[in-house]
Every structure is written in C-alpha cells, then in structure tokens.
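J.: How does the following fold in three dimensions:
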Amino acid sequence: MPCYLKEVDVVPEAAKFRSVLIVLCRLCPAVSLAVRNKQPFIKFSRRPLKPECYENHIANIRSRLEKEGIKTDVFRSSILNYAHCMWTTKKREKLLKRMAEFEAVIVMGCEAAYESICDLSESTGCQVFSGMESEGLLNVTPKFNWPFNISLELSGVTQIHHQKVN
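T.: Residues are numbered from 1 along each chain as shown. Model (predicted):
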C-alpha cells in the first residue's frame with residue numbers, strides 16, 4: 001500500500017546551499033502526484049514508470065534551484081531499486097558516494113526514506129530536507145485507458161500516525 005504524499009516546498013531552505021542532490025523514490029511520490037493531479041501513472045506509449053507529473057515536479061525544483069545558481073543533480077532508482085524502502089545495500093552505497101559531492105539533499109519520499117537518508121548523511125555532513133510528507137496510506141483502483149495508460153482512482157486515504165520505533 002503506497003503512502004499518500006504531498007509536496008513540501010523546500011526550495012527556499014535548500015537554496016542556501018551551493019549544491020543539492022535530489023533523491024527519488026519512484027513509488028509513493030509518483031503514485032501520489034499522479035492521483036492528486038488526475039494524470040496517468042503509467043503511459044506505455046511514452047516513458048513507462050516515469051509519470052509525467054512527477055518528472056515535471058522534479059524539473060521544477062531543479063529549475064528553481066538552478067535559477068539561484070545552485071548546482072543540482074538527481075539520484076534515480078532503477079527497476080530493481082524502485083522504492084527507496086527496498087533499496088539494496090549496493091544502491092545505498094552508491095547514494096552515499098553521490099551525497100559526498102553535495103552540500104544538501106532533498107528526499108522525494110516518505111518519512112522512512114527521509115530517515116534512512118538522514119542516517120546515511122551522518123558521514124557526509126549533508127543537510128537533508130524532506131520534499132514530501134505523508135498524509136496517510138492510499139487506497140486506489142487502477143483504471144486502464146486508451147492508449148495503454150494506467151491511471152489510479154483514489155478510493156480513500158487511511159490516516160497514519162508517524163512514530164519512530166527504535
């Protein structure tokens with residue numbers, strides 16, 4: 001069950017740094033933006049598994065930061081490392097090396113993704129910002145549309161309470 005996430009405008013805070021890495025989770029943020037914007041989650045005729053609304057959101061963040069003269073890059077996941085909460089050790093090691101090249105990181109994911117990247121950042125000194133926050137767990141119904149699009153219709157959101165467990 002994916003988390004239903006809403007965007008957080010972290011650009012003003014992140015703009016205080018010279019370099020920012022945007023770390024993407026491909027599941028919950030993409031699903032959330034597709035549902036919220038009533039756009040297809042998957043367009044097989046274009047870029048499957050890269051919802052346009054999510055790609056546009058990331059491009060907007062980068063553009064706003066780059067207008068401030070800030071170096072940006074995006075750390076993307078592969079099909080094997082689609083959801084940040086299931087990234088392999090090797091993928092996390094690659095992220096750690098990339099983080100060392102930046103002063104700040106924007107996490108596009110749930111609180112679990114944010115916490116795991118905060119744990120990684122301890123050895124790099126990067127400032128970590130959460131670009132999304134959870135509103136609950138999504139309950140969606142997939143809808144198939146022509147030409148080979150998959151949209152997700154929101155059936156409901158189950159509220160959750162964030163509590164860190166040690």
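J.: Give me the residue ranges of this protein where confidence is low.
T.: Along the chain, segments meeting pLDDT under 70 span 1, 43-49, 78-85, 161-166.
J.: residue farthest from the centroid of it?
T.: What lies farthest from the middle of the chain is Trp146; by Cα atoms, centre = their mean that is 27.2 Å.
J.: show me what contacts that one?
T.: By Cβ atoms under 8 Å, 6 or more residues apart in numbering, no residues touch Trp146. Any C-beta I mention is one placed from the backbone N, CA and C, and that applies to glycine too.
J.: From Lys6, how far out is it?
T.: To Lys6, Trp146 is 30 Å away according to Cβ to Cβ, to the nearest Å.
J.: In the helix or strand hosting Ala113, which residues are buried?
T.: Secondary structure assignment for Ala113, by DSSP states H and E: helix 111-121. Using 16 or more other Cβ atoms under 10 Å as the test for burial, helix 111-121 gives 111-117, 120-121.
J.: Summarise which helices and strands that helix is packed against.
T.: If contacts are counted by 3 or more Cβ pairs under 8 Å, 6 or more residues apart in numbering; DSSP states H and E, helix 111-121 sits against helix 89-99, strand 104-108, strand 127-130.
J.: winner for burial among those?
T.: strand 104-108 (a mean of 27; mean count of other Cβ atoms under 10 Å).
J.: Only C-alpha atoms, please: export it in CSV.
T.: Extracted in CSV, the C-alpha atoms of strand 104-108 (Å, rounded to 0.1, in the frame of the first residue of the first chain):
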residue,chain,number,x,y,z
ALA,A,104,22.3,19.3,0.7
VAL,A,105,19.9,16.5,-0.3
ILE,A,106,16.2,16.7,-1.0
VAL,A,107,14.4,13.4,-0.4
MET,A,108,11.4,12.8,-2.5
